[in-house]
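Engineer: no sequence for this one, just the structure:
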């Protein structure tokens, strides 16, 4: 088994993940010796701060200070060490993995064919990569570690392969976003969209979504419009109208109750908004749906 995303004898279509180690660790007043692995390592900062010294090919050293919600991906063969001060303890999650012969549906090559961001990621090698995470990577890492703990060995299973694929896609997307003009914009937008879908029945406002992703409402509005060509309000309205259409056509919920299911307090406003977006009143939309089901 080889340890790098980029430098292994297997072709991507024949390579799948294998895991060496995974653990949580509280660090305080600790200075690690320089060392390197024959595999890839992810070090994720859960709490506190810690310094990672990374040694270059020429012997120079780069110090990287990881803070809560940040992580580093270290490629195979990169010398590094962790330094944690007495007055600033930290807690980290580490996952160490490599790649082994594999012929299933989650090979590196297959993931890259399905996700353009992964193809770009694999085509651009790095010695180390530091990213800030809007909690997407952390939740996948936690799920991955829990699933690994369920196994009798560190051999992979379907769920482990699925979670690793998700992890790779999220890291690839974060890298692209971080290198763009709006750092982490894609991550914030993704979280905003997920939040709106999950809370479509609530009386959401822009400030609520912005508060959830910890951004100023004006800044979230700007990056959302830039990356989706819609304002956040326009997108939320579309989500509500799509939900309303589904409820009208596929359920027997009374028409007068539908606004409560899509986060709109005024029935008159819902009626006006629905007709604007569909050209039909809610009652007419349901009638047409029922008529089609009988045809």
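Structural biologist: Alright, I've got the coordinates. Keep in mind the model is a prediction, meaning the values are calculated, not measured.

Engineer: and the closest residue to residue 224 other than its chain neighbours, how many residues sit next to it?
Structural biologist: Leaving out its chain neighbours, the residue that sits closest to residue 224 by Cβ to Cβ, 6 or more residues apart in numbering is residue 232, at 4.7 Å. From N, CA and C alone the C-beta is placed, and that goes for glycine too. Residue 232 has 24 neighbouring residues, counting by other Cβ atoms under 10 Å.

Engineer: before we move on, what about the one 3 residues further on?
Structural biologist: One way to gauge burial is a neighbour count; for residue 235, by other Cβ under 10 Å, it gives 19.

Engineer: Mind listing residues that contact the helix or strand containing it?
Structural biologist: For residue 235, the host element (DSSP states H and E) is helix 232-250. Contact partners of helix 232-250, identified using Cβ atoms under 8 Å, 6 or more residues apart in numbering, comprise 192-193, 196-197, 200, 204, 206, 209, 220-221, 224-225, 228, 230, 253, 255, 258, 261-264, 270, 273-274, 277-278, 282, 285-286, 289.

Engineer: Are any of those residues buried, and if so which?
Structural biologist: 192-193, 196, 200, 204, 206, 209, 220-221, 224, 255, 258, 261-264, 270, 273-274, 282, 285-286 (16 or more other Cβ atoms under 10 Å).

Engineer: buried stuff in the helix holding residue 235?
Structural biologist: 232, 235-237, 239-241, 243-245, 247-248.

Engineer: which sections of the stretch 101-250 of the chain are below the confidence cut-off?
Structural biologist: For the stretch 101-250 of the chain, residues meeting the criterion pLDDT under 70 lie at 152-156, 180-186.

Engineer: any chance you could map the strands in it?
Structural biologist: 128-132 (DSSP state E, counting those that start in this stretch).

Engineer: Direction included, what does the longest strand anywhere in the chain pair against?
Structural biologist: Secondary structure assigned by DSSP state E gives strand 40-55 as the longest strand of the chain. In the sheet, strand 40-55 lines up against strand 61-67 (antiparallel), strand 70-74 (antiparallel), strand 80-84 (antiparallel), strand 90-101 (antiparallel) (DSSP bridges).

Engineer: of all the ones you listed, which lies closest to residue 23?
Structural biologist: Closest to residue 23 of the strands paired with strand 40-55 is strand 90-101 (Cβ to Cβ; 5.7 Å).

Engineer: What about the closest residue to residue 144 other than its chain neighbours, how many residues nearby?
Structural biologist: Nearest residue to residue 144, sequence neighbours excluded (Cβ to Cβ, 6+ apart): residue 163, at 4.4 Å. By other Cβ under 10 Å, the residues close to residue 163 number 23.

Engineer: Correct me if wrong: residue 24 contacts residue 138.
Structural biologist: No. Between residue 24 and residue 138 there is no contact under Cβ atoms under 8 Å: 11.8 Å.

Engineer: so what's the residue nearest in space to the middle of the chain up against?
Structural biologist: With distances taken as Cα atoms, centre = their mean, the residue of the chain nearest its centroid is residue 136 (3.5 Å). Applying Cβ under 8 Å, 6+ apart, we find residue 136 in contact with 170, 174, 187, 190-191.

Engineer: how close does it sit to residue 190?
Structural biologist: 7 Å (Cβ to Cβ, to the nearest Å).

Engineer: do residue 141 as well
Structural biologist: 17 Å.

Engineer: Those two: who's more crowded?
Structural biologist: residue 141 (22 against 17).

Engineer: Could I get the full set of helices for the stretch 151-295 of the chain?
Structural biologist: When assigned using DSSP state H, counting those that start in this stretch, the helices of the stretch 151-295 of the chain occupy the ranges 158-178, 185-198, 206-212, 217-228, 232-250, 258-261, 267-278, 282-294.

Engineer: Now do the first one: which elements does it pack against?
Structural biologist: Translated: helix 158-178. strand 15-27, helix 108-114, helix 116-122, strand 128-132, helix 136-150, helix 185-198 (3 or more Cβ pairs under 8 Å, 6 or more residues apart in numbering; DSSP states H and E).

Engineer: Appreciated, that's everything.
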